[in-house]
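[1] I need the structure of the sequence given here:
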Amino acid sequence: MSGIITLTTDFGTADGYAAAMKGVILGINPAAQLIDISHGIQSQNISQAAFVLSTAYRFFPEGTVHLVVVDPGVGTARRAVILRTPRAYFVAPDNGVLSQVLWAAGQIQSRRRHPANRSRQRALPPGVAAVAITRPEFWRQPVSATFHGRDIFAPVAARLSLGANPSDFGEAVDRLRALPLPGVYREAGGRLVGHILHVDHFGNLITSLKGDDLPADRAAIIIEVGGRRLRGLSETYGEREGLKALVGSSGYLEIALSGGSAGAFLEVVVGGEVKISTAKQ
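    Take a look at the predicted model:
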């Protein structure tokens, strides 16, 4: 166990919610190393949290505990779970927020035609295991119906970081909720169609199209997004003025704007279409 716990929430930094979770963790494991992945997830945006988590978790040492609290169903019958992969532990509500972790673990290749935010139960891929967190003796008492991040998830994450076995916290489950894979498909005319997955802090549009999805002749690529047509790919954000397309550090096609926000300039939102063709089409 690495002793590292990351936190991904939609709590923001104006209130004390994230700090309260950290206080509970440190009360159980004073030596824990707490790393914020993000507290800037849009309120209750499960798909954004799943994507942002996916851009960071794989870079942490083996045995890291990733605590994710984006939980519109807090206090309802939705499950709290621990997911164990060969390299890490994830503590989260069972609402689809671990979708990208499950996709990566299962090396899922197929994608749906259109993006959707509705999750459904999916069988766990080989090599991972999950536990429903059901044993209240490990929770902070009394448990608030509106703050399971502090009273359930944080104590469990802290004890995992001390070497507890996931099976200590409840019964094994073989299915978790997952969102559909982001839509990428080809139109009848041959154009490749993807969607906006995320708009980052800089206003860059991160799409569901990976670098490997794109035509080999990068100079001939034509990108249609937000009523604009861009030709060719840049290598860096500073390569050319104005709007540009490039494959970013996450491996996905991005649309950026020099000195500004591509999202604000194009007035597109998460889920918007991006179409790819070549000069020959």
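
[2] Wait, Asn192 touches Ser208, no?
    Wrong residue type there; residue 192 is Leu, not Asn. No. Contact criterion CB atoms under 8 Å: Leu192 and Ser208 do not qualify, at 10.5 Å. In this view, the C-beta of every residue, glycine as well, is placed from N, C-alpha and C.

[3] between those two, what contacts are shared?
    Listed as contacting both Leu192 and Ser208 by CB atoms under 8 Å, 6 or more residues apart in numbering are Val184.

[4] Name the residues of the longest helix anywhere in the chain that come out as buried.
    The residue-count maximum for a helix in the chain (DSSP state H) belongs to helix 17-28. Residues of helix 17-28 classed as buried: 17-18, 20-22, 24-25, 28 (neighbour count, 16 or more other CB atoms under 10 Å).

[5] go on, stretch 41-50?
    Neighbour-count burial for stretch 41-50 [16+ other CB under 10 Å]: 41, 45-50.

[6] Mind listing residues that contact it?
    8-10, 52, 68, 70, 72, 95-101, 115, 117, 119, 179, 197-198, 270.

[7] Tyr89 contacts Val81, correct?
    No. With contact defined as CB under 8 Å, Tyr89 does not count as touching Val81 (10.7 Å).

[8] Those two - which one has more neighbours?
    The neighbour count for Tyr89 versus Val81, taken as other CB atoms under 10 Å, is higher for Val81 (25 against 22).

[9] Which secondary structure state does the more buried one sit in?
    For Val81, the secondary structure call by DSSP: H, G, I helix; E, B strand; the rest coil comes out as strand.

[10] ok so, going back, the buried residues of helix 17-28 into TSV, with extra columns for pLDDT and distance to Arg140?
    Below are the buried residues of helix 17-28 laid out as TSV (pLDDT from 0 to 100; distance: CB to CB, whole Å):
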residue	pLDDT	distance to Arg140
Tyr17	98	14
Ala18	98	16
Ala20	98	10
Met21	98	10
Lys22	98	13
Val24	98	6
Ile25	98	11
Ile28	98	9
